[in-house]
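Trainee: quick one, fold the following:
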Amino acid sequence: MKTLFLLLTFVISLFAYETDSWIHNYDQGVKLAQKEHKNIYLFIGADKCKFCKIFKEKTLSQKNVMDRLKKDYILIYLSRDQHTIPDKFEKFGAPRHYFLDQNGKIIFATFGVLEPSGFFTILDEADLHQKD
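Mentor: Have a look, this model is predicted:
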């Protein structure tokens, strides 16, 4: 029974990170942000980054986190192993978090694994920088 529970938890966690909400092409994301008049949240990670995986599982799997992100931002995820990352962004030290205006100008940037409460603090900080 314990094995079944663990297997079920693992399968659910695989689907909890909403991949359909994310754009994987920077230029497409900027065009969409301009069209929708929204800012951009750019998450840069790596395929085998254990910290990226933890961030996805602990924070991006939370409905309240994703609801706020989708409400306020166009979501772009770029893996340094799979996607083209513009030179103005740091590729190493993943996970990287960039908050951009609709034209791709960096408003606020940070890195690291953030628990949901810490991520909300970062979102608040990014909001403050937008008003500068």
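Trainee: tell me the pLDDT at S21?
Mentor: At S21, the model reports a pLDDT of 84.
Trainee: residues in contact with it?
Mentor: Neighbouring residues of S21 by C-beta atoms under 8 Å, 6 or more residues apart in numbering: 66, 69-70, 75. Heads up, the C-betas are built off the backbone N, CA and C, glycines and all.
Trainee: ditto for D72
Mentor: By C-beta under 8 Å, 6+ apart, the neighbours of D72 are 38-39, 123.
Trainee: so which of those residues are in strands?
Mentor: Counting by DSSP state E, those place N39 in strands.
Trainee: just give the closest residue to the most centrally placed residue in the chain, not the sequence neighbours.
Mentor: Centroid-nearest residue in the chain, with C-alpha atoms, centre = their mean: F43, separated by 3.8 Å. Distances taken as C-beta to C-beta, 6 or more residues apart in numbering put Y77 closest to F43, at 4.9 Å, once the chain neighbours are dropped.
Trainee: L123 contacts K71, doesn't it?
Mentor: No: between L123 and K71 there is no contact under C-beta atoms under 8 Å: 10.6 Å.
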